[in-house]
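Colleague: Have a look at this prediction, sequence included:
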Amino acid sequence: MWPTNTSALSSNKENSKQEESLVTLGMTSAISAAPPKEIDLIKTTELEGTLSAFNIFETEQELNHRMLILGKLYSLVRQWIKDLSIKCNMPENVAENVGGKVYTFGSYRLGVHSKGADIDALCVAPKHVLRSEFFCSFYHLLKEQREVTELRAVEEAFVPVIKMNFDGIEIDMLFARLLQKEIPDSMDLRDDNLLKNLDQKCVRSLNGCRVTDEILRLVPNVDTFRLTLRAIKLWAKKHGIYSNVLGYLGGVSWAMLVARTCQLYPNAAAATLVYKFFLIFSKWQWPQPVLLKQPVNVSLGFATWDPRINVTDRYHLMPIITPAYPQQNSTFNVSQSTKSIIVEEFKLGLQITDEIMTGKATWDKLFEPSPFFMKYKHFIVLIITSANPKEHLEWTGLVESKLRFLIVTLERKEVITLAHINPENYVMPETQRDPKNQCSMWFIGLVFKKTEGLNVDLTNDIQQFTEIVNKHAVNIDMYKSTMKLEARHVKRKQLTQYLPPGVIKRERKSSMNAATRNGTTVETSKKRRTSECGGGGMESGGEKIPTKKGRISPSCNLNSSSFDDSSNTTNEDSCNSFDTSSTSPPTMMKGLVKLTQSTSTSTTVYT
Ligand SMILES: Nc1ncnc2c1ncn2[C@@H]1O[C@H](COP(=O)(O)OP(=O)(O)OP(=O)(O)O)[C@@H](O)[C@H]1O
Ligand SMILES: [Mg+2]
Ligand SMILES: [Mg+2]
């Protein structure tokens, strides 16, 4: 069913035991099992040094603090389950032994969390403990804890969660009720049979832990995987493409891409793997899926990602499939715009790592933030206003969770070639707002089709988006009349009214570096890439899942459509085009683009 190509390694009689076992680690045989050369080890030490300078590693003390918090959470869970059991008329000595556990998953469990990252935790309870109790009595128990702040329950989410700050650490806590009387300390969540007859929400909640454990099991060398993933996560954050909710990739998707690279180069050092990561994924034939193993067919009736069966799965643009049953695509939020932005970044990443590996640049260059504001001439600024920090946290979270729908609406418009959402949420300068309010902004860079006399009216689109967001806020009982959402069309020159001056300075510098880079290194990277890719093995392809043009389908082959925004996203306007002197709010503009605002959420653009 899911074709693999593992013959190359397994046919070699000289393979070591280690290599034979590596064959089973992925969908295909490794590309190279070569051990690192001395220079690769030197580059890896340099990489480690650079990552340390970014202060992403936690100190011993910070790690201990996390352990302490997890210990407290565990005690609370045990106490809560015991009390609840006694309430259900269970004798105290039995209630004492029904157990209950807290598992961790996500980046903390993978061992790649940076300073300030959350802890993703799962509370596993025996069958007499209902989900409703988790969101009621356990929530109240948490509320009583002195160390717990910013407590909020998102019970109706696809994966229901309690979010909190526990003594300075963000916690996302999920709940799963297993159909057993007791939850012993030795419970292993990898057993598929645990899912039998469970409800969907429990299965989804268990999935995070099962996926994390499986990823760790499927990589040949966990330490190398961790260092490589830390580098890739930092790069993705600095380049504005780290966010599952906005349609980029989230932590687990990056982890799977790195894990796949590790499988293909099982003995390589981290520095080599970072380079190979870009080499592989800048050439990947999306929407061929990235798979860490042959999907197993467990007949428990839960929906799995399978484009041969599910029509909607055929429209996923960059499928990266989780390795535990029921397999899911972790990137279902990716749109045409975010896909093209990610692929461009992969290509740029290859160019930079190529320079690093050939000694022409140092690792810092990979982690330089990529310019966003210098890239576009037109922006939509989404302004989020609310009355206090608590409201603002909720309001921002809600708007953010819907933003990708606006992006998809924009990119579907004939006249828009690209809608680029910057994941960073900026605080609105005090000079531009009522200081009593909380006010922050997202920026969407727009590229229009190059057509003379084009009229673009986004009023309805923005209005519809605002309605969707407001309706949802009302439905979940969050809406307050002080929560506002406004959209403005802004030209690049006007950005100084919205952004702190440091942002623009930094972008200017970075743009100049990029210009220098483009002038000097393309030739080298081309040469190196051609020689290393050979004749189109894994690196020029993808897992061999049959596809159809434009979507994944059971029958024919596909070339993913690529986006060319070079005509109007480059530095056409010089760096000086920022109007650094003006402090007045944006007004009607003359020239190429005009803005009309009929309501606070409408934007009309004429080009
Ligand atoms: N789109 C998704 N598809 C499948 N699982 C997901 C998805 N988003 C989150 N998860 C699960 O939830 C876990 C925690 O998500 P989270 O957003 O906290 O990312 P993370 O991997 O912990 O990285 P970070 O360091 O950013 O927190 C993931 O590791 C994954 O198991
Ligand atoms: Mg996390
Ligand atoms: Mg999380």
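Modeller: Received it, and whenever you're ready, just let me know what you need. Ligands and ions are numbered 1, 2, ... in the order given.
Colleague: So which bits of the stretch 201-350 of the chain are right by ligand 1?
Modeller: 208, 211-212, 244, 250-252, 322, 328, 330 (C-beta under 6 Å from any ligand atom). For glycine as for every other residue, the C-beta is placed from the backbone atoms N, C-alpha and C.
Colleague: Adding neighbour count, write these out as TSV.
Modeller: Output for these, formatted as TSV (neighbours: other C-beta atoms under 10 Å):
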residue	neighbour count
G208	25
V211	22
T212	26
N244	18
G250	18
G251	23
V252	23
T322	25
Q328	21
S330	24
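Colleague: A361 reaches Q351, doesn't it?
Modeller: No: applying C-beta atoms under 8 Å as the test, A361 and Q351 come out as separate, 9.8 Å apart.
Colleague: Between these two, tell me which one has more neighbours.
Modeller: A side-by-side neighbour count of A361 and Q351, using other C-beta atoms under 10 Å, places Q351 first with 22 against 18.
Colleague: After the helix or strand where that one lies, which helix or strand is next?
Modeller: Here Q351 sits within helix 336-357, counting by DSSP states H and E. For helix 336-357, the succeeding helix or strand toward the C-terminus, using DSSP H and E, is strand 378-386.
Colleague: How far away from the center of its chain is that following strand?
Modeller: Chain-centre distance of strand 378-386: 22 Å, with C-alpha atoms, centre = their mean, to the nearest Å.
Colleague: Now the closest residue to ligand 3 within the chain, what are its backbone angles?
Modeller: The nearest approach of the chain to ligand 3 comes at D172, 3.8 Å away (C-beta to the ion). Dihedral pair for D172: phi -110, psi 120, per degrees, to the nearest 10.
Colleague: what residues are up against it?
Modeller: Contacts for D172 (C-beta atoms under 8 Å, 6 or more residues apart in numbering) come out as 106, 118-121, 161-163.
Colleague: now do D434
Modeller: Counted by C-beta under 8 Å, 6+ apart, D434 has zero contacts.
Colleague: Phi and psi next, for the closest residue to ligand 1 within the stretch 351-500 of the chain.
Modeller: Relative to ligand 1, the nearest point of the stretch 351-500 of the chain is P423 (11.6 Å; C-beta to the nearest ligand atom). The phi and psi values for P423, taken as degrees, to the nearest 10, are phi -70, psi -20.
Colleague: For it, the count of nearby residues, please.
Modeller: Neighbour tally, P423, other C-beta under 10 Å: 19.
Colleague: Neighbour count added to the contacts of D172, as CSV?
Modeller: Formatted as CSV, the contacts of D172 follow (neighbours: other C-beta under 10 Å):
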residue, neighbour count
G106, 23
D118, 17
I119, 22
D120, 25
A121, 27
V161, 20
I162, 21
K163, 16
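Colleague: Quote the end-to-end distance of stretch 413-428.
Modeller: End-to-end span of stretch 413-428 (C-alpha to C-alpha, to the nearest Å): 29 Å.
Colleague: wait, stretch 265-272
Modeller: By C-alpha to C-alpha, the extent of stretch 265-272 from end to end equals 9 Å.
Colleague: before we move on, back to that, quick one: contacts for the residue of the stretch 351-500 of the chain closest to ligand 1?
Modeller: 240-243, 246, 248.
Colleague: go again using 10 Å as the cut-off
Modeller: For P423, the contact set (C-beta atoms under 10 Å, 6 or more residues apart in numbering) comprises 236-237, 240-243, 245-248, 372, 400, 403, 442-443.
Colleague: Closest to ligand 1 out of the residues of the stretch 201-350 of the chain next to ligand 1?
Modeller: Taking C-beta to the nearest ligand atom as the measure, G251 is the one of those closest to ligand 1, at 2.3 Å.
Colleague: In what element of secondary structure is the nearest residue to that closest one once chain neighbours are set aside found?
Modeller: Using C-beta to C-beta, 6 or more residues apart in numbering and skipping the chain neighbours, the partner closest in space to G251 is S107 (5.1 Å). S107 belongs to helix 106-110 when elements are defined using DSSP H and E.
Colleague: That helix near ligand 1 at all?
Modeller: Yes: applying C-beta under 6 Å from any ligand atom, one finds helix 106-110 in contact with ligand 1 at 106-107.
Colleague: Just the buried residues of that helix, please?
Modeller: In terms of neighbour count (16 or more other C-beta atoms under 10 Å), helix 106-110 has its buried residues at 106-110.
Colleague: Can whichever helix or strand comes after that helix be said to contact ligand 3?
Modeller: The helix or strand immediately downstream of helix 106-110 is strand 119-125, counting by DSSP H and E. Yes: remark: strand 119-125 sits within contact range of ligand 3 at D120, by C-beta under 5 Å from the ion.
Colleague: elements contacting strand 119-125?
Modeller: Judged by 3 or more C-beta pairs under 10 Å, 6 or more residues apart in numbering; DSSP states H and E, the packing partners of strand 119-125 are helix 60-87, strand 101-105, helix 106-110, strand 161-166, strand 169-177, helix 200-218.
Colleague: So which bits of the longest one are buried?
Modeller: In other words, helix 60-87. Buried residues in helix 60-87 (16+ other C-beta under 10 Å): 66, 69-70, 72-73, 76-78, 80-82, 84-85.
Colleague: Please identify which of those is nearest to ligand 1.
Modeller: Of all the buried residues of helix 60-87, the one with the least separation from ligand 1 (C-beta to the nearest ligand atom) is R66, at 12.8 Å.
Colleague: residues contacting that closest one?
Modeller: Listed by C-beta under 10 Å, 6+ apart, the contact partners of R66 are 58, 104, 108, 113, 117, 119, 166-169, 171.
Colleague: any idea how far the residue of the chain closest to ligand 3 lies from N97?
Modeller: Taking C-beta to C-beta, to the nearest Å as the measure, D172 falls 29 Å from N97.
Colleague: Equivalent analysis for K293, please.
Modeller: 37 Å.
Colleague: Can you give me the neighbour number for N197?
Modeller: When neighbours are counted by other C-beta under 10 Å, N197 comes out with 8.
Colleague: near ligand 3, which residues of the protein show up?
Modeller: Near ligand 3, when you scan the chain using C-beta under 5 Å from the ion, you find 118, 120, 172.
Colleague: Tell me the confidence at the first one?
Modeller: Model confidence at D118, given as pLDDT, is 95.
Colleague: Got the confidence number for the nearest residue to it once chain neighbours are set aside?
Modeller: Among residues not flanking D118 along the chain, E170 sits closest, at 3.8 Å (C-beta to C-beta, 6+ apart). pLDDT recorded at E170 is 96.
Colleague: What of M27?
Modeller: Reading off the confidence values, M27 has pLDDT 87.
Colleague: With T451 instead?
Modeller: The per-residue pLDDT reported for T451 equals 73.
Colleague: ditto for the one 4 residues further on
Modeller: The confidence metric pLDDT takes the value 77 at N455.
Colleague: That one bridge partners, please.
Modeller: Y606 (DSSP bridges).
Colleague: Quick check: the residue nearest to V94 when sequence neighbours are not counted vs L227, distance?
Modeller: Nearest residue to V94, sequence neighbours excluded (C-beta to C-beta, 6+ apart): S85, at 7.3 Å. Per C-beta to C-beta, S85 is found 44 Å from L227.
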